[in-house]
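Participant: Show me the folded form of this:
(2 chains)
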There are 2 protein chains.
Amino acid sequence: MQAVTLPSFGGPEVLTLAEVPDAVAGPGEVLVDVAATAVNRADLLQRQGFYSPPKGASPYPGLECSGVISGLGEGVAGWSLGDQVCALLSGGGYASKVAVPVGQLLPVPAGLTLVEAAALPEVACTVWSNVFQLAALEPGERLLVHGGTSGIGTFATQLAARHGAVVTVTVGSAAKAERAIGLGASRAVLYKDEDFVKDGPYDVILDNMGAKYLARNVEALATGGRLVIIGMQGGVAAELNIAMLLQKRASVSATSLRARPLEEKAAIVAAVGAAVWPTVAAGEVRPVIDRVLPLAQAAEGHRVLEESGHIGKVVLQVTPSS
Amino acid sequence: MQAVTLPSFGGPEVLTLAEVPDAVAGPGEVLVDVAATAVNRADLLQRQGFYSPPKGASPYPGLECSGVISGLGEGVAGWSLGDQVCALLSGGGYASKVAVPVGQLLPVPAGLTLVEAAALPEVACTVWSNVFQLAALEPGERLLVHGGTSGIGTFATQLAARHGAVVTVTVGSAAKAERAIGLGASRAVLYKDEDFVKDGPYDVILDNMGAKYLARNVEALATGGRLVIIGMQGGVAAELNIAMLLQKRASVSATSLRARPLEEKAAIVAAVGAAVWPTVAAGEVRPVIDRVLPLAQAAEGHRVLEESGHIGKVVLQVTPSS
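Facilitator: Below you'll find the predicted structure:
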């Protein structure tokens, strides 16, 4: 099969399409002929050597994909050869084939192409598990989403707005602000010019900046507020004002999907299939795709994310006809 | 009525027993003739001028009491004159009478004297709301309780051990360690000589130290661990290692009871009545009382807490015959 390999760590140019041994479906796994995958920030870290795949995962990047089931491992039930699926992966999406634990498979939502479906698993599982399961966002509550036009941001905005939450996002440009409002945000804060704290407080904050925003995030929390950190683009350690946290009876959580054990991933994927997929099939929540590039241009996809000019997901098409 | 007043802020000597106007039960409140109250660390902070009573609360210290209902405010149902009760208070327990919102009343558990019952409301509500509701401690999980022989610590240890959790405590002396083991702790770490991190990890940590322990608490958390901070005896701000928190998919919460709105307090009190009171009545969980002093010796009670030589609660008896 073909896969994007990492002969060395470094800039986008190290991503190298190569012929590699075929992936093999182990017990409880299916083999998927990959139609498309998508670029996540974790892929950029992996490429730079800062994020080793968890034990047992594929060495190739790619945390999600869509495609067609072409093989069934031992003990697999409920899925058939030829099924169109999308999947949350521990790695290996940047390839023509990938082995997927059945608990991480989802059907392609009705009305979506395989290319569109490849843009969903990571954002849907991340947003659902963090904003709805962990932070338990309630209708009428105020949600702040940093990086409002990222893949995560565009999905969180749509899903939370549909849920009846009041969504504020931070964005880097007026064009992004307009797009975020179109997706359901009540307000878009231009973080280069404005302080998101003054538009608060917020019951839930979904943060991708880590250290850089910690103090202001805590300051912006409402009484009973929940700050959920899912990225550390602004650093890994910062002072926590415990007195303010206590006064607000608030919490700071930090999570990631990739390292979770299989059963936790399966539980999240199942919840997403039950709670989120119907809203996608109904057209109420849609994948937002910045661009679709061929897998051979994965390096370009990484550059797009690094420059942060995109809105929504960068998808890599593996099978040209999908 | 008599009350311990604060003519000025300062050391224990400022606590002054004085004749003051009687408390009055407003709508939805009952008047309680106080039999006993107990000393909490928050009382020490209030005495020093660091912790103003919330709006509408009594100006006198005292966050819990036991006694007999001697008056019923407008709209009170379900309680009668003469009922023996204990109560969570927003203040005013250091007095011969106190007005209590009905949602904060609990019956005196079967088999307990009024003096014993005065030692329960704060620890029971604090431990239940933090360890069981917020952190959702499960049977088989590992709990670390800092200050294992404090009022909170002795109650958390008993309740968590009975719940099937494996309890480790930190304590300041071998005598306290022995007492903690007797209450159900599996292990007592002498914090002056040993590092509690090495005995971890812990699924839940109940912390009263704040800043001083933050880094080591996060280090000691297990994957999916929950750190709950309910005191800041070791300072109010410290560096948070977000990367470690994220790698562990862990959380840091901080809470207090006193400033919560009436309906939240009532919900906690009701849950404590349903879940904790039966275990007290059955003798499975008991109040641990270091000593009982007359209300006129409140200053001595404060000194005992400040010297940290006590094990369990310091109770102040208001009605000599109770």
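
Participant: For stretch A:117-136, buried residues please.
Facilitator: A:117-135 (16 or more other C-beta atoms under 10 Å in any protein chain shown). Every residue, glycine included, has its C-beta placed from N, CA and C.

Participant: out of those, which are inside helices?
Facilitator: In helices, judged by DSSP state H, the following of the buried residues of stretch A:117-136 are found: A:Ala117, A:Pro121, A:Glu122, A:Val123, A:Ala124, A:Cys125, A:Thr126, A:Val127.

Participant: Setting the sequence-adjacent residues aside, check what's closest to the fourth one.
Facilitator: Distance criterion C-beta to C-beta, 6 or more residues apart in numbering or on different chains; nearest residue to A:Val123, sequence neighbours excluded, is A:Phe155 at 4.0 Å.

Participant: Make sure the one you found is actually in contact with A:Ile289.
Facilitator: No. With contact defined as C-beta atoms under 8 Å, A:Phe155 does not count as touching A:Ile289 (11.3 Å).

Participant: Pick out the residue in the stretch 51-200 of chain A sitting closest to chain B.
Facilitator: A:Leu134 (8.2 Å; C-beta to the nearest C-beta).

Participant: wait, A:Gly153 sits on A:Ala180?
Facilitator: Yes. Contact criterion C-beta under 8 Å: A:Gly153 and A:Ala180 qualify, at 7.3 Å.

Participant: Overlap in contacts, the two.
Facilitator: A:Val169 (C-beta atoms under 8 Å, 6 or more residues apart in numbering or on different chains).

Participant: ok, those two, which is more surrounded?
Facilitator: Shown here are A:Gly153 and A:Ala180; by other C-beta atoms under 10 Å in any protein chain shown, A:Gly153 has more neighbours (29 against 26).

Participant: Make sure I have this right: the more buried one is in a strand.
Facilitator: No. The assignment for A:Gly153, made by DSSP: H, G, I helix; E, B strand; the rest coil, is helix rather than a strand.

Participant: contacting residues around it?
Facilitator: A:Gly153 makes contacts with A:Val145, A:His146, A:Gly147, A:Val169, A:Ala180, as judged by C-beta under 8 Å, 6+ apart.

Participant: Quick check: chain neighbours aside, which residue is closest to the fourth one?
Facilitator: Beyond its immediate neighbours in the sequence, the residue positioned closest to A:Val169 (C-beta to C-beta, 6+ apart) is A:Gly148, lying 2.5 Å away.

Participant: And for the one you found, the neighbour number?
Facilitator: 30.

Participant: quick one: it and A:Glu306, what's the gap?
Facilitator: 18 Å (C-beta to C-beta, to the nearest Å).

Participant: repeat for A:Gly140
Facilitator: From A:Gly140 to A:Glu306 the distance is 37 Å (C-beta to C-beta).

Participant: The two - which one has more neighbours?
Facilitator: A:Glu306 (13 against 10).

Participant: Can you tell me the element the more buried one falls in?
Facilitator: Element membership for A:Glu306 (DSSP states H and E) is helix A:298-307.

Participant: Centre of the chain to that helix, how far?
Facilitator: For helix A:298-307, the distance from its own C-alpha centre to the chain's C-alpha centre is 16 Å (C-alpha atoms, centre = their mean, to the nearest Å).

Participant: packing partners for that helix?
Facilitator: helix A:41-48, strand A:289-294, strand A:313-317 (3 or more C-beta pairs under 8 Å, 6 or more residues apart in numbering or on different chains; DSSP states H and E).

Participant: Which elements pack onto the next helix or strand after the first one?
Facilitator: Think helix A:41-48. Going down the chain from helix A:41-48, the next helix or strand is strand A:64-72, by DSSP H and E. With contacts taken as 3+ C-beta pairs under 8 Å, 6+ apart, strand A:64-72 sits against strand A:29-38, strand A:84-88, strand A:97-101, helix A:114-117, helix A:121-127.

Participant: just checking, what packs against the fourth one?
Facilitator: In terms of contacts (3+ C-beta pairs under 8 Å, 6+ apart), helix A:114-117 is packed against strand A:29-38, strand A:64-72, strand A:84-88, strand A:289-294.

Participant: do the longest one as well
Facilitator: Packing partners of strand A:29-38 (3+ C-beta pairs under 8 Å, 6+ apart): strand A:64-72, strand A:84-88, strand A:97-101, helix A:114-117, strand A:313-317.

Participant: at 7 Å instead, please
Facilitator: strand A:64-72, strand A:97-101, helix A:114-117, strand A:313-317 (3 or more C-beta pairs under 7 Å, 6 or more residues apart in numbering or on different chains; DSSP states H and E).

Participant: Please convert these to a markdown table, extending it with mean pLDDT.
Facilitator: Shown next, in a markdown table, are the helices and strands packed on strand A:29-38 (pLDDT from 0 to 100):
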| stretch | mean pLDDT |
| --- | --- |
| strand A:64-72 | 98 |
| strand A:97-101 | 98 |
| helix A:114-117 | 98 |
| strand A:313-317 | 98 |
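
Participant: okay, the ones you listed, which one's buried deepest?
Facilitator: Comparing the helices and strands packed on strand A:29-38 by mean neighbour count (mean count of other C-beta atoms under 10 Å in any protein chain shown), strand A:313-317 ranks first with a mean of 26.

Participant: Thanks a lot, see you next time.
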